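Chemist: Structure for this input, please:
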Amino acid sequence: MKVSVSVIALIIVACAPARSIEAQRKPAPVQSYTVVATFPHDTTSFTQGLVFASDGQIYESTGLQGESTLRRVDIKTGQTLQRIDVPSQYFAEGLALVGDELLQLTWQHKLGFVYDRHSFKQKRTFSYQTEGWGIAYDAAGGLVMSDGSDTLTFLDPKSFAALRTLRVMDAGRAVANLNELEWIEGEIWANVWMTDRIARIAPRTGQVNAWIDFSTLYPRSQRLPPADELNGIAYDKAARRIFITGKKWPRLYQISVF
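Modeler: Alright, predicted model coming up:
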């Protein structure tokens with residue numbers, strides 16, 4: 001049986017996989033920002049996690065082998081008000097506040113620590129199956145964790161069991177190196193490691209709603225050692241204040257996005 005060229009063409013078109021809606025999306029827009037205020041930041045803090053509590057307390061998880069800590073910090077002066085050292089075998093990472101408990105990740109040990117927020121006494125530990133990079137909690141959005149890939153994992157805030165995963169995409173391309181996380185007004189904000197950009201992510205779809213480019217905030221040309229990457233997002237939900245810093249940066253910035 002002979003088949004015409006036009007029929008063959010129709011068969012090919014019908015059988016070929018349709019181009020996904022995601023692949024047709026335009027890249028997310030890049031937003032501008034303004035600096036509202038600056039505060040001192042301890043240059044010994046290799047910032048891996050930053051949390052602003054409802055009572056005005058700010059907590060910080062710092063990394064590096066043998067230097068990792070958990071701290072309560074005076075935002076106005078940058079001074080450490082309370083601190084514990086993490087055992088030297090661990091490289092501490094992200095930090096989240098769930099009720100009166102602080103959850104701190106470690107990088108490659110697949111182990112997290114749960115502390116009493118007030119005393120910093122370690123109450124228990126929890127485990128996960130990936131590397132630990134960033135973690136954030138919101139009562140409405142839940143507990144979400146990054147592992148340096150393009151995928152976020154939502155965890156049960158009590159058992160820490162994995163509930164679902166979310167792949168982060170922008171215009172059909174996966175966004176890898178997701179690092180420190182924060183919930184801000186229903187979005188997940190994520191530092192992207194080795195860049196000066198933060199992604200604003202839709203928590204249901206994984207789409208990047210917008211990017212914020214912070215390359216002019218503390219330009220790399222001005223970063224003197226030991227200052228390192230942009231990493232650290234905290235949100236004051238009551239006053240709607242956003243704070244940004246980096247690893248061993250000398251300043252914490254309050255910023256506004258438009």
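
Chemist: how close does residue 196 get to residue 186?
Modeler: According to C-beta to C-beta, to the nearest Å, residue 196 and residue 186 sit 24 Å apart. C-beta coordinates here come from the backbone N, C-alpha and C atoms, glycine included.

Chemist: Mind checking which of these two has more residues around it?
Modeler: residue 196 (18 against 11; other C-beta atoms under 10 Å).

Chemist: Next, that one: phi, psi?
Modeler: phi -110, psi 30 (degrees, to the nearest 10).

Chemist: next one: residue 220
Modeler: Torsion angles at residue 220 (phi, psi; degrees, to the nearest 10) stand at phi -60, psi -30.

Chemist: So what's the predicted local confidence for the nearest residue to it once chain neighbours are set aside?
Modeler: Once flanking residues are discounted, residue 220 sits nearest to residue 196: 7.6 Å by C-beta to C-beta, 6 or more residues apart in numbering. Per-residue confidence (pLDDT) for residue 196: 95.

Chemist: Return the residues in contact with residue 196.
Modeler: Contact analysis of residue 196 by C-beta atoms under 8 Å, 6 or more residues apart in numbering lists 213, 214, 215, 217, 220, 230.

Chemist: Please name the bridge partners of the residue nearest to residue 183 when sequence neighbours are not counted.
Modeler: Spatial nearest neighbour of residue 183, chain neighbours left out: residue 138 (3.6 Å); criterion: C-beta to C-beta, 6+ apart. Per DSSP bridges, the residues bridged to residue 138 are residue 142.

Chemist: wait, residue 138 sits on residue 185?
Modeler: No. Counting by C-beta atoms under 8 Å, residue 138 stays clear of residue 185, with 9.7 Å between them.

Chemist: Which one of the two is surrounded by more residues?
Modeler: Neighbour count, other C-beta under 10 Å: between residue 138 and residue 185, residue 138 has more, with 20 against 11.

Chemist: ok, the more buried one to residue 109 distance?
Modeler: In terms of C-beta to C-beta, residue 138 sits 26 Å off from residue 109.

Chemist: neighbours around residue 181, how many?
Modeler: For residue 181, the count of nearby residues is 24 (other C-beta under 10 Å).

Chemist: cool, the one 3 residues further on as well?
Modeler: As a burial measure, residue 184 scores 18 neighbours (other C-beta under 10 Å).

Chemist: who are the neighbours in contact with the closest residue to it other than its chain neighbours?
Modeler: Leaving aside its sequence neighbours, residue 184 sits nearest to residue 235 (C-beta to C-beta, 6+ apart; 4.8 Å). Contact partners of residue 235, counting by C-beta under 8 Å, 6+ apart, are 52, 182, 183, 184, 241, 242, 243.

Chemist: who does the spatially most central residue of the chain bridge with?
Modeler: Centroid-nearest residue in the chain, with C-alpha atoms, centre = their mean: residue 181, separated by 1.9 Å. Beta-bridge pairing for residue 181 (DSSP bridges): residue 190.

Chemist: how about the strands in the stretch 151-258 of the chain?
Modeler: Taking DSSP state E, counting those that start in this stretch as the criterion, the stretch 151-258 of the chain contains strands spanning 151-155, 162-167, 169-170, 173-174, 178-184, 187-192, 197-201, 208-213, 230-236, 241-246, 251-257.

Chemist: then the first one to CSV, C-alphas only?
Modeler: Right, the one you point to is strand 151-155. Taking C-alpha atoms only, strand 151-155 is exported to CSV below (Å, rounded to 0.1, in the frame of the first residue of the first chain):
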residue,chain,number,x,y,z
THR,A,151,14.6,20.1,43.2
LEU,A,152,13.0,21.2,46.4
THR,A,153,11.6,18.7,48.9
PHE,A,154,8.6,19.4,51.2
LEU,A,155,8.9,17.7,54.6
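
Chemist: Could you figure out how far it is turned away from strand 197-201?
Modeler: Going by axes from the mean of the first three to the mean of the last three C-alpha atoms, to 10 degrees, strand 151-155 is angled at 50 degrees with respect to strand 197-201.

Chemist: what bridges to the residue nearest to residue 184?
Modeler: On the basis of DSSP bridges, residue 235 is bridged to residue 242.
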